[in-house]
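# pasted the sequence and its predicted model underneath.
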Amino acid sequence: MRNIFVSFIPLVLALSTSLSAQESLHKREILSVAEARAFAQKHQSAKSFAQLPNLKQLNRAVALEIAAAKGELSLNALTSLEAEVAEALALHDGSLVLDGLEQVSPEVAKSLSTHTGQLSLGKAQLSAAALRELSPHKGRIVLNSLTHISIEDATALAMHHEEIYLDGLASLSAEAASQLASVSYGLSLNGLTELDLETSLELSKHEGQLSLRGLRRLDDPLLAENLAKQNSRLEFNALDTISDSCLEQLVATKGFLALGLKSLSVEQAKIVSRHNGQLMLNTVSTLEDEAIEYLARHQGRIVLGGLTELKSPKLAALLAAHRPSYIMLNKLTDITPEVVHELVQANCSLGLAGLSSISEDVAAELGQHSGILTLTGLQTLSEKSARHLIHHEENLRLGKKELFSPLVLSILESNTKISFQD
């Protein structure tokens, strides 16, 4: 037995030394060729996340070794690059993240253009000349540092034939939009919060996927129609104002639709009821009965995580329909047994962390629930309610133990799947 134990010591020491060496490389500001080679050899899976967060200096020889790593290569401490070093890094087969670069010259851009895969230059400033040199790049380009784009810049970017991310743009002129609209593939402009009519009209001509998740207002039907045609997943989590004509266009998409509306009128409910797919309305807090009647006609899952009031069993049944993986209603402060009865039919994770107390009838319904149940907001619980809850067969999460009486606590602890907050 002693010999077996002794034989493991070299293995443990070797593993410890290897891990220590890896941690050491992460802290280094400069690497030797040998260290760079060892680093690349440790990251030979396409799913690898190879990062050197403190590397600030890099020559061509070291860059060639690092580029041999697979998966995503992140070198965010580099603030500048020489063209020959960029050319070496461009040989990397996978995503290349250089978000620390402050400037990218046309010469460096030309070298990076030979890279294949996602290229992220999240902090860099690029001239129109640099953007033109970068345009032959094969793969997604992320340029989220750009807060303004000129017509010349947009014209240069339009030469790129892959996805372009410009999520840092705070404004966009109609002239620049006209150029960007000619981009053949996906165009992400998630930083824009509003668009004037002329810019909307230009963007509506874009034929690839167009992402505008930051929009707070949408009143151009042509743009809405284009968005619905080109995207199977529409996310407008910041959108709190939309015309009915635009909403009519968006619901035509058969897929995921998320809206940031703070309220849903009866007319809007009537419109979205015609949507076919998952509908997310997490910022809606209350609904009129007539609106609920319309939503009941919707074909697909509905998510209403922001509800502060839920008294309608019909709406609860709607939330439980279409086999959801979870129902989160953590803003509810009160709930009826009839509503809970419908919710537990979903047999999925159920979040009711906003409830500070529950009736014995509610506890009885929750005891029949199947799935993870979160009741971490409970401040009090009766003995009878506790006896109902212990029939819950899967994980049940409650608040701190000291909130409950010794008798109630002893009842709850008889179910080993009930856990408490620290």
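Nice, thanks for sending it over.
# ok, Ala61 to Ser111 distance?
Separation of Ala61 from Ser111 (CB to CB, to the nearest Å) stands at 16 Å. Every C-beta, even on glycine, is put in place using the N, C-alpha and C of the backbone.
# higher neighbour count, these two?
Ser111 (23 against 12; other CB atoms under 10 Å).
# Val339 contacts Ser312, doesn't it?
Yes - using CB atoms under 8 Å, Val339 is in contact with Ser312, at 7.4 Å.
# higher neighbour count, those two?
A direct count of neighbours by other CB under 10 Å for Val339 and Ser312 places Val339 higher, at 23 against 19.
# so what pLDDT did that one get?
The model reports Val339 with a pLDDT of 97.
# could you say which helix or strand holds it?
Under the criterion of DSSP states H and E, Val339 resides in helix 337-343.
# helices or strands next to that helix in the packing?
Other elements packing on helix 337-343 under the criterion 3 or more CB pairs under 8 Å, 6 or more residues apart in numbering; DSSP states H and E are helix 313-320, helix 360-366.
# show residues contacting it.
Helix 337-343 is contacted by residues 310-313, 316-317, 319-320, 327, 329, 350, 359, 361-362, 364-366, 369 when judged by CB atoms under 8 Å, 6 or more residues apart in numbering.
# please repeat the previous calculation with a cut-off of 7 Å.
Residues outside helix 337-343 that contact it (CB atoms under 7 Å, 6 or more residues apart in numbering) are 310-311, 313, 316-317, 319-320, 327, 350, 359, 361-362, 365-366.
# buried sites along that helix?
Pro337, Val339, Val340, His341, Glu342, Leu343 (16 or more other CB atoms under 10 Å).
# ranges for the strands of the stretch 201-350 of the chain?
210-211, 217-218, 233-236, 241-242, 256-259, 279-280, 302-303, 326-328, 349-351 (DSSP state E, counting those that start in this stretch).
# so which of these is nearest Lys47?
Of all the strands of the stretch 201-350 of the chain, strand 233-236 sits nearest to Lys47, with 23.4 Å by CB to CB.
# what helices and strands are in contact with that closest one?
Judged by 3 or more CB pairs under 7 Å, 6 or more residues apart in numbering; DSSP states H and E, strand 233-236 is in contact with strand 256-259.
# for the strand it packs on, which strands pair with it and how are they oriented?
According to DSSP bridges, strand 256-259 forms sheet pairs with strand 233-236 (parallel), strand 279-280 (parallel).
# distance from that strand to the middle of the chain?
Taking CA atoms, centre = their mean, to the nearest Å, one finds the center of strand 256-259 at 14 Å from the center of the full chain.
# need the contact partners of that strand.
Outside strand 256-259, the residues that reach it (CB under 7 Å, 6+ apart) are 233-237, 239, 250-251, 275, 277-281.
# make CSV out of these and add pLDDT.
Formatted as CSV, the contacts of strand 256-259 follow (pLDDT from 0 to 100):
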residue, pLDDT
Arg233, 84
Leu234, 89
Glu235, 89
Phe236, 92
Asn237, 90
Leu239, 93
Leu250, 94
Val251, 94
His275, 94
Gly277, 91
Gln278, 92
Leu279, 95
Met280, 95
Leu281, 96
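# worst average pLDDT in the helices and strands packed on helix 337-343?
helix 313-320 (a mean of 94).
# give me the contact list for that one.
Helix 313-320 is contacted by residues 287, 292, 295-296, 302, 304, 310, 327, 338-339, 342-343, 345-346 when judged by CB under 7 Å, 6+ apart.
# list the buried residues of it.
Quick answer for helix 313-320 (16+ other CB under 10 Å): Pro313, Leu315, Ala316, Ala317, Leu318, Leu319, Ala320.
# wait, a strand at Glu107?
No - under DSSP: H, G, I helix; E, B strand; the rest coil, Glu107 falls outside any strand and is assigned helix.
# excluding chain neighbours, what is closest to it?
Ala83 (4.2 Å; CB to CB, 6 or more residues apart in numbering).
# wouldn't the one you found be in contact with Pro106 here?
No - contact between Ala83 and Pro106 fails when scored by CB atoms under 7 Å: they sit 9.3 Å apart.
# tally of neighbours for Thr308?
Thr308 has 13 neighbouring residues, counting by other CB under 10 Å.
# ok, now Leu352?
25.
# ok, back up a step: I'd like to know which of the helices and strands packed on helix 337-343 lies nearest to Ala69.
Ala69 lies closest, by CB to CB, to one member of the helices and strands packed on helix 337-343: helix 313-320, at 45.7 Å.
# show me where the stretch 1-150 of the chain has its helices.
Applying DSSP state H, counting those that start in this stretch to the stretch 1-150 of the chain gives helices spanning 2-27, 33-41, 60-66, 83-89, 106-112, 128-134.
# and the stretch 201-350 of the chain, by the same measure?
221-230, 244-250, 266-272, 289-295, 313-320, 337-343.
# report the buried residues of the first one.
If I follow you right, that is helix 221-230. By neighbour count with 16+ other CB under 10 Å, helix 221-230 contains the buried residues Pro221, Leu222, Leu223, Ala224, Glu225, Asn226, Leu227, Ala228, Gln230.
# and the closest residue to Asp422 other than its chain neighbours, what are its bridge partners?
Nearest non-adjacent residue to Asp422, counting by CB to CB, 6+ apart: Lys400, 7.5 Å away. Per DSSP bridges, the residues bridged to Lys400 are Gln421.
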